Structures are given as structure tokens and as C-alpha cells.
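*Asks:* Structure for the following, please:
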Amino acid sequence: MKIRKPGTSKSIPTNGHSTSVANKPTHASTLFNGSPQVGVGVYDGLSALLAEKWKFDFVWVSSFCCSAAVGMPDAGIIGPEDILNVVRCVHRSIDLPIVVDLDSGYGDAVKAFHVVEAMARAGAAALCIEDNPISKRCSLYDGYDRALVSIEEHVSRVRAARAGVKAAHSSSRVIARTEALVAGMGVAEALRRATAYADAGADAVFIQSLDATGKEVLTFAREWQRRTPIFIAPTRMPQINKAEFFNAGISHTMFANQGLRAAHLAMDRTFGALAEAGSSKGIESAISPVATVASLVGAQKVVELEALLAKDDLPPVSPRLKQSTRLLTKASRKPATVNGHKA
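*Replies:* Residues are numbered from 1 along each chain as shown. Take a look at the predicted model:
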């Protein structure tokens, strides 16, 4: 139960529950506010903090990045619990909408329901499920035959995802991703699939393409005619500016994996230099100072908390906790006994 203090928009906690700000937009409503938005891929708390520092509109918890971060290929090897841990970490670290890459839902519709429910409860603003088979392979990897599940099967996943959000009592949105262009099925098939997914209740569609010219994606967007928001990750078309995508009707574009790829190159160069050198002097000017990293992750807050806890004028403690403390204090004055004898 929460009561509102007169003249403020903030709630005051009662019965030990935490505070919240009344009428604050949800992350889902912020993500889908009708404005074009740019996101960036993250895979841990540090990358999330940098995304917030540079004021991206949202973050994308990428299976490509999360898999690589634990030394695995993006081939459906890591499971939903691995992604869930990242979502919780990112949600704790920043105040930006989180869009979660759920691959093909990790199983049948029943499994998709439970995965989506857990992600929604963990703070995801939107959940993205693609029409790949369960044994998915990253669309950016070469050398694989691309066979997608039937429209009917993916529609069942979309409906299950909608039910999962409802079960979580969440405002999270469902994004249906089609790999039709990656599989070489053409724009017409991509539109047919996206239409079925939107009709099944998807709040947005995600269209992926390997066409470096961007023509496929732009054609899809113009023919979609803004029926729902469109998400893209134009990794293979870096030369196209976001304005061109937005003008075609695409609402959300993201730099899905550039952060991890940049970290990989920087770390590879640094480790190589360290392996050949007798000290780190030669690379110190090319890496972040310890103080910079400490500042970003809030090391100073630990100092401030320790100072606060050392003061006598701590915030008031609830009556129940005071009583428990008194009882503990009285009990602690008595000598400990073992089998009736003083210890």
C-alpha cells in the first residue's frame, strides 16, 4: 500500500514497501512514444552504463554479444537464464528501456510463455522473438542454410509471448522478428510473415537483412506503411544514415554489436602489446585510467555509504526493526552457554 503526500507526485512507502514516482512513463511507453529512436547493443553492466552516458534511447541485450562475452558462438547455446541474468544486471545499472533478444523463444510456445514472463518481470521493456528454428544460427554468420519455421508456428510463439507479458502484469511489448530476407525469401514473403505476426498481436516487427545496399530493408519499410513500429539492426549496411531509415518509415534502429566488436579489437591489441612488453607503460595512454572506470561504476558511492553508516544520525528505523534490535542487544549481553554451561 502506498499513500501520496499532498502537493507531491511521489509516493510514500508504507508497510516497508519501496517508493515510486506517480505517473512516471513506463520504459515500454517511452520506447514506443512515436519518435524515431536509436539503440545500442549491451551485454553487461559496464556496457550499459556507457550506453546511458552517451544518451542512447534504448539498449538491446544481444544474443550475439552475450554469447561472445562468455566465449560461445551465437548458435542457441547459451540459455534463457544467461540472458535473464544480463537483463537483471542492466536493469539494475541504468534507467533506459531494455529490448531483449530472445532468439526463437528457446522452445515451443509453452517455453516461450515462461521465458517472456520472466524477462518482463525482470524489467524488459520489449521482448523480441524471431522465426528461426530452435537450433538458430546468427544471421550474421556465413555458411549456413536458412530454414525458417512455419508462419503458424511463429504465430503461436507471438501469442504465447503476449500471454507471458499479461501473466507478468507488465507493460512490456512483443516484437516479432522475421529472418525471411536473410533466408533469401524476398520482400513479399517478409511482408506476408510480418503481417501474420502483427495480426497475432505483435506490437512491432523486426526485419533483418544482409543486403549491403539497404534496398531490401527500405523497400520493406515503405511497403509496410507504418502498420506497426519497425526495428532494424543495420550491421551489414553501415554506410546508410539513420535519417534515411527513419524517412522510409523505420522507427527504431540500433548499433547491435559494435560495442562488443570495439572492445574485442581494443583488448586484443592491448593484450598483444602486454604479452610482448615488460611493463604496461607503453599502453597506459591508450587505455582508460582506473579512476575513470571507478567513477563510471560508482566507486565514490561506496565511500559515501560508509560515511553515512558511520554517522549517528542514520535515517529512522521502523518500530519493528528497533524492537528486534533491542531484543538482540539484550540477548547479546547474556553469556553464551553450551549444554547449560557458560562458554
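*Asks:* All the strands of the stretch 51-200 of the chain, in order from the start?
*Replies:* Counting by DSSP state E, counting those that start in this stretch, the stretch 51-200 of the chain has strands at residues 58-61, 98-101, 126-130, 173-178.
*Asks:* Using CSV, please lay out those strands together with mean neighbour count and mean pLDDT.
*Replies:* C-beta: built from backbone N, CA, C; applies to glycine. What follows is those, written out as CSV (neighbours: other C-beta atoms under 10 Å; pLDDT from 0 to 100):
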stretch, mean neighbour count, mean pLDDT
strand 58-61, 26, 98
strand 98-101, 27, 98
strand 126-130, 27, 98
strand 173-178, 27, 98
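*Asks:* mind checking which of these is nearest residue 274?
*Replies:* Residue 274 lies closest, by C-beta to C-beta, to one member of those: strand 58-61, at 30.4 Å.
*Asks:* Show me how far that closest one is from its chain's centre.
*Replies:* 5 Å (C-alpha atoms, centre = their mean, to the nearest Å).
*Asks:* which other residues reach that strand?
*Replies:* Applying C-beta atoms under 8 Å, 6 or more residues apart in numbering, the external contacts of strand 58-61 come out as 31, 37, 39-43, 48, 51, 83, 86-87, 90, 94, 96-101, 124-125, 233, 252, 254, 256.
*Asks:* strand partners of that strand, parallel vs antiparallel please.
*Replies:* strand 37-42 (parallel), strand 98-101 (parallel) (DSSP bridges).
*Asks:* May I have the first one as PDB, with CA atoms only?
*Replies:* The C-alpha coordinates for strand 37-42 follow below in PDB (Å, rounded to 0.1, in the frame of the first residue of the first chain):
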ATOM      1  CA  GLN A  37      14.800   6.100 -31.700                       C
ATOM      2  CA  VAL A  38      18.400   4.800 -31.800                       C
ATOM      3  CA  GLY A  39      19.600   2.000 -29.500                       C
ATOM      4  CA  VAL A  40      22.900   0.200 -28.900                       C
ATOM      5  CA  GLY A  41      23.800  -3.400 -28.000                       C
ATOM      6  CA  VAL A  42      24.900  -4.200 -24.500                       C
END
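*Asks:* what mean pLDDT does that strand have?
*Replies:* Over the span of strand 37-42, the pLDDT mean works out to 98.
*Asks:* Contacts only, for the nearest residue to residue 175 once chain neighbours are set aside.
*Replies:* Distances taken as C-beta to C-beta, 6 or more residues apart in numbering put residue 128 closest to residue 175, at 4.1 Å, once the chain neighbours are dropped. Residues near residue 128 by C-beta under 8 Å, 6+ apart: 99, 100, 101, 102, 175, 176, 177, 206, 231.
*Asks:* how does it look with 7 Å?
*Replies:* For residue 128, the contacting residues are 99, 100, 101, 102, 175, 177, 206, by C-beta atoms under 7 Å, 6 or more residues apart in numbering.
*Asks:* Which one of the strands of the stretch 51-200 of the chain lies nearest to residue 285?
*Replies:* Closest among the strands of the stretch 51-200 of the chain, using C-beta to C-beta: strand 58-61, at 29.8 Å.
*Asks:* how close does the closest residue in space to residue 65 that isn't next to it in sequence get to residue 226?
*Replies:* Take residue 65 and drop its neighbours on the chain: the residue closest to it by C-beta to C-beta, 6+ apart is residue 43, 3.8 Å away. Counting by C-beta to C-beta, to the nearest Å, the separation of residue 43 from residue 226 is 31 Å.
*Asks:* With neighbour numbers in mind, choose between the two.
*Replies:* Between residue 43 and residue 226, counting by other C-beta atoms under 10 Å, residue 43 is the more crowded of the two (27 against 12).
*Asks:* Hmm, that one is touching residue 63, no?
*Replies:* No: the pair residue 43 / residue 63 is not scored as a contact, 9.4 Å apart, by C-beta atoms under 7 Å.
*Asks:* pull the longest helix from this protein.
*Replies:* helix 258-276 (DSSP state H).
*Asks:* now stretch 119-130, how far from the chain's geometric center?
*Replies:* With C-alpha atoms, centre = their mean, you get 8 Å for stretch 119-130.
*Asks:* For the host helix or strand of residue 247, buried residues please.
*Replies:* Per DSSP states H and E, residue 247 falls inside helix 242-248. Buried residues in helix 242-248, defined by neighbour count with 16 or more other C-beta atoms under 10 Å: 242, 245, 246, 248.
*Asks:* Switch the strands of the stretch 51-200 of the chain over to a markdown table; also include distance to residue 218.
*Replies:* Formatted as a markdown table, the strands of the stretch 51-200 of the chain follow (distance: least, C-beta to C-beta, whole Å):
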| stretch | distance to residue 218 |
| --- | --- |
| strand 58-61 | 21 |
| strand 98-101 | 22 |
| strand 126-130 | 21 |
| strand 173-178 | 16 |
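*Asks:* Indicate which one of the ones you listed is closest to residue 279.
*Replies:* strand 58-61 (36.6 Å).
*Asks:* For the chain, which residues score under the pLDDT cut-off?
*Replies:* 1-24, 143-144, 312-343 (pLDDT under 70).
*Asks:* Alright, calling it a day.
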